[in-house]
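Q: With the input below, show me the fold.
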Amino acid sequence: MKNEDMKEVKLYCDGSSLGNPGPGGYGGILEYKGKRRIYGGGESYTTNNRMELKGVIEGLKLLKEPCKVEVVTDSSYVANAINKWLDGWVKKDFKKVKNPELWKEYLKVSSSHNIHATWVRGHNGHPQNEECDKIAKEYANKYKGAK
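A: Numbering: from 1, shown residues only. This next block holds a predicted model:
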């Protein structure tokens, strides 16, 4: 499919970890032509970076066709990896890269899409980022007592 024929989607996401590592959550919002889909999840023992990345992966899994996706994140780790580092990591087979299984899952779910990441400053009044942060923290707190 040609790039200009693809639907343009915004994927806002955030991750949270209480303790880092500790209970964690992610939250996301997919937006397309004024429609929104809100999602979230979590784990009982994880890190902030893992939850930031899981937010992207789970959002991409919700897309039913190849799309042009702008990932909006307050994680410089996720934004830089998507835009700059990932090709190099693949070439060196993820040696000395943290969370390789999640990055491999990202490569699988992102392969049909054209993706660019945009970094935004966290906790700075960006409405969708603030909403995703709230969802991520709610899930992290749900997992706080879970083992």
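
Q: Identify the single longest helix in the protein, thanks.
A: Longest helix in the chain by number of residues (criterion: DSSP state H): helix 127-142.

Q: what comes up buried for that helix?
A: For helix 127-142, the neighbour count (16 or more other Cβ atoms under 10 Å) marks Gln128, Asn129, Glu131, Cys132, Asp133, Ile135, Ala136, Lys137, Tyr139, Ala140 as buried. Heads up, the C-betas are built off the backbone N, CA and C, glycines and all.

Q: for stretch 68-80, same thing?
A: Lys68, Val69, Glu70, Val71, Val72, Thr73, Asp74, Ser75, Tyr77, Val78, Ala79.

Q: residues in contact with that stretch?
A: 3, 6-15, 49, 52-53, 55-56, 59-60, 63, 82, 113-123, 126, 128-129, 133 (Cβ atoms under 8 Å, 6 or more residues apart in numbering).

Q: Backbone dihedrals for Gly122, please?
A: phi -70, psi 150 (degrees, to the nearest 10).

Q: wait, doesn't it sit right on Tyr12?
A: No: using Cβ atoms under 8 Å as the test, Gly122 is too far from Tyr12 to be in contact (11.8 Å).

Q: Comparing the two, which residue is more hemmed in?
A: Neighbours per residue, other Cβ atoms under 10 Å: of Gly122 and Tyr12, the larger number sits with Tyr12, 27 against 15.

Q: Type out the PyMOL command that picks the buried ones from the contacts of stretch 68-80.
A: To isolate the buried ones among the contacts of stretch 68-80 in PyMOL, judged by 16+ other Cβ under 10 Å, type:
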select buried, resi 6+9+10+11+12+13+14+15+49+52+53+55+56+59+60+63+82+113+115+117+119+120+126+128+129+133
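
Q: In helices, which of the contacts of stretch 68-80 appear?
A: Asn49, Glu52, Leu53, Gly55, Val56, Gly59, Leu60, Gln128, Asn129, Asp133.

Q: what does the model give the spatially most central residue of the chain for pLDDT?
A: Among the residues of the chain, the one closest to the centroid is Val56, at 2.2 Å (Cα atoms, centre = their mean). As predicted, Val56 sits at a pLDDT of 98.

Q: Could you list which residues are in contact with it?
A: Leu11, Cys13, Gly28, Val71, Thr73, Val78, Ile82, Tyr106.
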